[in-house]
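*Asks:* Build me a structure from this.
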Amino acid sequence: MRALLFIPILFITACGSSSEPGDAPPVVWPLSKSTTMDTLNDGYGPRELSGGYDFHRGLDMPAPTGTPIYAPLGGTVVRVEEALPGDSLERLGKFVIIAHDPHNGVDVHQMSFQHMNSFSVTLNQRVEKGQQIGTVGNSGVGINTEHLHMGYFIGNNDGLIKRLNSRNALRLLPYTHIDYGVSLTKSGSDLVLVLSQNPKSLDAVRIRLVPNDQTEVVLDFETREGMDVTDDDINPYGNILITPAPFDQNDTIFQNTITFQTLYAATTSAEIFITDAKGTVHPYTFSDL
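*Replies:* Below is the predicted model of the structure:
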């Protein structure tokens, strides 16, 4: 069925690039050192990896080895390491973690910069927004492409990488939201949601399904509500099957098919509410399912 698009019902903060009066933009992208979005070849959340399902806890930005990496926001370097084979963090390779200054009401948060080729900072060093912290590489066990993996974490500034503290870095970074493509159809007793996102706006973090005859279902890629919090790489999650389409930097659309299974044979209508990384809720209504 075709979605009926309504004006978002909640708006917390602007999605476009902005600057503070008399100052440079408050947050910059780590490769362009500007409010211009860096090219992504993987977003945050479900993705296809080597033909299988994977939950990606960060943003990937392709760039040649040696490309400078800049601090998106001022802060303090709390970790500078090279994780070697056999280490529990072996896939990270050379990485830096910065505990960032308070921003938009969040005063405990940090970012990780992984698969680096070289460092430009040292432990406990103060860095300013836009200061170079190292260069892009492909370090780390099993990493065979040159890119920067950037992770964003809330709730701690101690340099530890806590899986359930990870959030979509588009919460912090400047970008402009682009409308989703959304369809919902019924297949037997399943409801099949197809969510399409523009590569410059990979920002969907929460999906709420409200069928006319069943209890609502929530799938939250940040808090992991509706998922297996012990292992978010497990799919399906209960009766929710996520099928990401393959995606790379040259694609014009990123698509997830989410199948809500077995419960919906008698469902005739439903609402879908999709929350983006900035907190705006986008509602869609489907009838005659």
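
*Asks:* Which parts of this protein belong to which domain?
*Replies:* 45-171, 177-286 (automatic domain parsing).

*Asks:* Show me the one of those domains that comes nearest Pro26.
*Replies:* Closest approach to Pro26 among the domains of the chain (Cβ to Cβ): domain 45-171, 6.5 Å. C-beta coordinates here come from the backbone N, C-alpha and C atoms, glycine included.

*Asks:* how about the domains of the chain in JSON lines, adding mean pLDDT?
*Replies:* What follows is those, written out as JSON lines (pLDDT from 0 to 100):
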{"stretch": "domain 45-171", "mean pLDDT": "96"}
{"stretch": "domain 177-286", "mean pLDDT": "96"}
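
*Asks:* so what's Thr122 up against?
*Replies:* Taking Cβ atoms under 8 Å, 6 or more residues apart in numbering as the criterion, Thr122 is in contact with 77, 80.

*Asks:* Which helix or strand contains it?
*Replies:* Following DSSP states H and E, there is no helix or strand that holds Thr122.

*Asks:* Could I get the phi/psi values of it?
*Replies:* phi -130, psi 160 (degrees, to the nearest 10).

*Asks:* Near Pro26, how many other residues are there?
*Replies:* Using other Cβ atoms under 10 Å, Pro26 is surrounded by 18 other residues.

*Asks:* so it makes contact with Leu73?
*Replies:* Yes - contact status for Pro26 versus Leu73: in contact at 7.3 Å, counting by Cβ atoms under 8 Å.

*Asks:* which residues do those two both contact?
*Replies:* 103, 129.

*Asks:* where do the helices sit along this protein?
*Replies:* For the chain, helices defined by DSSP state H do not occur.

*Asks:* pLDDT wise, what is the residue positioned nearest the centre of it at?
*Replies:* By Cα atoms, centre = their mean, the chain has its centre lying nearest to Tyr44, at 2.4 Å. Listed pLDDT for Tyr44 reads 97.

*Asks:* OK, contacts around it?
*Replies:* Taking Cβ under 8 Å, 6+ apart as the criterion, Tyr44 is in contact with 56-59, 166-170, 202, 205, 221, 277.

*Asks:* 6 Å - rerun?
*Replies:* Neighbour list for Tyr44: Asn168 [criterion: Cβ atoms under 6 Å, 6 or more residues apart in numbering].

*Asks:* so what's the backbone phi/psi at it?
*Replies:* Dihedral angles (degrees, to the nearest 10) for Tyr44: phi -90, psi 130.

*Asks:* Keeping just the C-alphas, turn stretch 105-119 into CSV.
*Replies:* Listed next in CSV are the C-alpha coordinates belonging to stretch 105-119 (Å, rounded to 0.1, in the frame of the first residue of the first chain):
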residue,chain,number,x,y,z
GLY,A,105,22.8,19.1,26.5
VAL,A,106,25.0,15.9,26.4
ASP,A,107,27.9,16.2,28.7
VAL,A,108,29.1,12.6,28.9
HIS,A,109,29.9,11.3,25.4
GLN,A,110,32.8,10.1,23.4
MET,A,111,33.8,9.2,19.8
SER,A,112,36.1,6.4,18.5
PHE,A,113,38.1,6.7,15.3
GLN,A,114,39.2,3.2,14.1
HIS,A,115,41.3,1.5,11.4
MET,A,116,43.8,4.4,11.4
ASN,A,117,47.1,4.5,9.7
SER,A,118,48.9,6.9,12.0
PHE,A,119,48.3,9.1,15.1
